[in-house]
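Asker: Test case, fold it:
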Amino acid sequence: MNQTGKLATDRLANDSRPERARTTPHTNRWRRKAAGALSLIAAATLMVTGCAREGATTPDTASSSAALAPEGAGSGAGSGGGSERDEASANAHTIDDQSAEAGMELTPEAQADALTANAAQAVRQFTANLHRALDGLGEADGNLVYSPVSTHVALSMVSAGARGDTLTQLRTVLGQLPVGEQSHAAELGLSSHIASLATGDNILRMANRVWVSEQRRGEVVAATEQVLRGYYGSELAGADFAGATEQARSTINGWVSDRTEALIPELIAQGVLTPNTVMVLVNAIYFRFLWAEPFEASATSDRAFRLADGSEARVPTMEATRSGVATRRGPGWRSVDLPYADRRVVMSVVLPDEDAGGLDQLAAQLVDGSLLASLATPARGQRVHLRVPRMTLRSQLSLGPALEAAGMPLVFSEHADLSGLMTTRNISLSHVIHEAFIQVDEVGTEAAAATAAVVAVRSAAPGQEPMRFFVDRPFLVVVRDVEHSVPLFVAFVADPRSSD
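Answerer: Presented below is the predicted three-dimensional model:
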């Protein structure tokens, strides 16, 4: 591991809590106001070439510290990593290359910061790539909530074991710029930054874990295991997928439930794991943040919300008048930033104009990158009369088809090259499963997000009429951190009535 990776590792604690020991009276009190999300990626081994798509593979997994070995690590280990590292290097510069071209030498700390910023940009690009595919497949209709950062970390772990064209496709969809070990150092730096956002009573956790078939434990590439431990903080646990499939499923689901405070109790459904499963990689993220200025519960009342079909629903709507609210205007939309305590994370609420294209227009701007870029720009501070619905949303997604459509079909096919992951032949991904939950109320939110920058906020004069920002029609929510504007959670809200 290079010095940059070591610095990031020093800032990120491993997730070493005992299994099923996380519930406390405090967490019970918050359980109804929490949000968690996780991505699961599973690599399945199929013994017969050409059957890569027939067996159910394991769900994908990755967390604040778990990924696969770097593409160039252990080039003499027989994994064929060296040629792919050279190939990738021909298409992308490392952070060292960029600083050299600029005529300066970065300190290890500055290099780590640059890698973190690079990873944040990659997550934003990945969000656009993924949503484009979800929208094209009709998966983005109605309510939708997902965690781009959770899915990105999970797939980055897989990319460490990918080679050749399989790796090229993964890197393109993930939007990654650094290559080799720096790619994983960037993911670790971003995970470390995300973990640092939790202060005071706010909680933000990510955790990674990898389960390997007990019968094939010795087939894991040693360099890959080192990367999983060193850059993703993930230990490798054994599971008897062949002889005790249901027990393995129960164990993994229990781990996920613990890390998300029971908000995601059963990520893996029956039938996903089979005797052909050889590895399951999991990332779980849990977010519980309090508002910087809570809403008064006594001000909440049922108000009309216009649905996409023109009908109306009565929904509990929070209300407050605030000064110095960060506001923005874009093509066909307005937004406000609602800050959480410590003001390092905000929930950006984006409301389409009455005569605009509704959520479809917002989705198009999310896909072309302009929406997230606009939210990261300096905002105008205004006095605002707010009305924002309470909401509880849950989405369960099988992301395989969307990721194939996004541009990475090889990893799911019989032609997948995951030889840097395991020496086992004929392995491919069979499932990428993602589930997310978000609840927003007067006290706060349990969901995560990143915002680039909200600066130079100027309050309106006390006597000035406040701007009205009434969320009474379908809208978009992006939970993001302020420094790097990493989209921790994205939610398209067509109907704020509970979908849990």
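Asker: Could you use CA atoms for every contact and neighbour count after this?
Answerer: Will do.
Asker: Spit out the contact partners of the residue nearest the centre of the chain.
Answerer: The centroid of the chain falls nearest to V149 when counting by CA atoms, centre = their mean (2.1 Å). Counting by CA atoms under 8 Å, 6 or more residues apart in numbering, V149 makes contact with 123, 486-489.
Asker: per-domain residue ranges of this protein.
Answerer: Residue ranges for the domains of the chain, per automatic domain parsing: 3-13+22-290+394-438, 297-391+448-493.
Asker: Highest mean neighbour count out of these?
Answerer: Most buried of the domains of the chain, by mean neighbour count (mean count of other CA atoms under 10 Å): domain 3-13+22-290+394-438, with a mean of 22.
Asker: helices or strands up against the top strand by length along the chain?
Answerer: The longest strand of the chain (DSSP state E) is strand 312-330. Here strand 312-330 touches strand 301-306, strand 333-339, helix 370-375, strand 380-389, going by 3 or more CA pairs under 8 Å, 6 or more residues apart in numbering; DSSP states H and E.
Asker: relative to strand 380-389, how tilted is that strand?
Answerer: On the basis of axes from the mean of the first three to the mean of the last three CA atoms, to 10 degrees, strand 312-330 is oriented at 160 degrees to strand 380-389.
Asker: and the angle from strand 312-330 to strand 301-306?
Answerer: 80 degrees.
Asker: What strands line up against strand 312-330, and which way round?
Answerer: Applying DSSP bridges to the sheet, strand 312-330 is found paired with strand 301-306 (antiparallel), strand 333-339 (antiparallel), strand 380-389 (antiparallel).
Asker: Select, out of the ones you listed, the one closest to V282.
Answerer: Proximity to V282 (CA to CA) singles out strand 333-339 among these, at 29.6 Å.
Asker: Now the element after the closest one, going C-ward?
Answerer: Downstream of strand 333-339, the first helix or strand assigned by DSSP states H and E is strand 345-352.
Asker: for that next one, what is the average pLDDT?
Answerer: Confidence over strand 345-352 (mean pLDDT, whole number) is 96.
Asker: now for that strand, which elements pack on it?
Answerer: Against strand 345-352 (3+ CA pairs under 8 Å, 6+ apart) you get strand 333-339, helix 358-367, strand 475-481.
Asker: Now do the last one: distance to the chain's middle.
Answerer: Centroid displacement of strand 475-481 relative to its chain, using CA atoms, centre = their mean, to the nearest Å, is 13 Å.
Asker: Parallel or antiparallel, list what pairs with it.
Answerer: Its sheet considered, strand 475-481 pairs with strand 345-352 (antiparallel), strand 487-493 (antiparallel) by DSSP bridges.
Asker: So which of those is nearest Q182?
Answerer: Per CA to CA, nearest to Q182 of the strands paired with strand 475-481: strand 487-493, 21.6 Å.
Asker: And the domains of the chain, which one averages the lowest pLDDT?
Answerer: domain 3-13+22-290+394-438 (a mean of 75).
Asker: what's the offset of it from the middle of its chain?
Answerer: Here domain 3-13+22-290+394-438 is found 10 Å from its chain centre; the criterion is CA atoms, centre = their mean.
Asker: of all the strands paired with strand 475-481, which lies closest to G142?
Answerer: Comparing the strands paired with strand 475-481 against G142 with CA to CA, the closest turns out to be strand 487-493 (7.1 Å).
Asker: Give me the contacts around that closest one.
Answerer: Strand 487-493 is contacted by residues 123-124, 127, 142-150, 359, 447-451, 474-481 when judged by CA under 8 Å, 6+ apart.
Asker: tell me which element T392 falls in.
Answerer: T392 belongs to strand 391-398, assigned by DSSP H and E.
Asker: Alpha carbons of that strand, in CSV - could you do that?
Answerer: The C-alpha trace of strand 391-398 is given here as CSV (Å, rounded to 0.1, in the frame of the first residue of the first chain):
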residue,chain,number,x,y,z
MET,A,391,-42.0,11.1,4.0
THR,A,392,-41.0,7.5,4.4
LEU,A,393,-39.7,5.7,1.3
ARG,A,394,-38.1,2.3,0.5
SER,A,395,-36.8,0.9,-2.7
GLN,A,396,-35.6,-2.6,-3.5
LEU,A,397,-33.7,-2.9,-6.7
SER,A,398,-32.0,-5.6,-8.7
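Asker: Need the CA coordinates for the next helix or strand after that strand. PDB is fine.
Answerer: On the C-terminal side of strand 391-398, the closest following helix or strand by DSSP H and E is helix 400-406. Extracted C-alpha coordinates of helix 400-406, given in PDB (Å, rounded to 0.1, in the frame of the first residue of the first chain):
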ATOM      1  CA  GLY A 400     -28.000  -6.100 -12.800                       C
ATOM      2  CA  PRO A 401     -30.000  -5.100 -15.900                       C
ATOM      3  CA  ALA A 402     -29.400  -1.400 -15.300                       C
ATOM      4  CA  LEU A 403     -25.700  -1.900 -14.900                       C
ATOM      5  CA  GLU A 404     -25.600  -3.900 -18.100                       C
ATOM      6  CA  ALA A 405     -27.500  -1.100 -19.900                       C
ATOM      7  CA  ALA A 406     -25.100   1.500 -18.400                       C
END
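Asker: can you give me the offset of whichever helix or strand comes after helix 400-406 from its chain's centre?
Answerer: As assigned by DSSP H and E, the chain's next helix or strand after helix 400-406 is strand 427-440. The chain centroid and the centroid of strand 427-440 are separated by 10 Å under CA atoms, centre = their mean.
Asker: Mind giving me the packing neighbours of strand 427-440?
Answerer: Identification of packing neighbours for strand 427-440 by 3+ CA pairs under 8 Å, 6+ apart yields strand 35-45, strand 144-146, strand 391-398, helix 400-406.
Asker: For the shortest one, enumerate its sheet partners and note whether each is parallel or antiparallel.
Answerer: To tie it back to what came earlier, the one meant is strand 144-146. Sheet pairing of strand 144-146 (DSSP bridges) gives strand 487-493 (antiparallel).
Asker: Look up phi and psi at the residue nearest to the centre of the chain.
Answerer: Per-residue torsions, V149: phi -70, psi -40 (degrees, to the nearest 10).
Asker: How much space separates it from L190?
Answerer: 9 Å (CA to CA, to the nearest Å).
Asker: Now do the lengthiest helix in the chain against strand 391-398, angle only.
Answerer: Ranked by residue count, the top helix of the chain under DSSP state H comes out as helix 108-136. Relative orientation of helix 108-136 and strand 391-398, computed by the same axes, to 10 degrees: 80 degrees.
Asker: Would you mind pulling up the elements that helix 108-136 packs against?
Answerer: Identification of packing neighbours for helix 108-136 by 3+ CA pairs under 8 Å, 6+ apart yields helix 3-11, helix 95-101, helix 148-160, helix 164-174, helix 181-196, helix 358-367, helix 400-406, strand 487-493.
Asker: distance of S301 from V315?
Answerer: S301 is 8 Å from V315, by CA to CA.
Asker: a markdown table for the strands paired with strand 312-330, including distance to D135?
Answerer: Converted to a markdown table, the strands paired with strand 312-330 look like this (distance: least, CA to CA, whole Å):
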| stretch | distance to D135 |
| --- | --- |
| strand 301-306 | 22 |
| strand 333-339 | 19 |
| strand 380-389 | 24 |
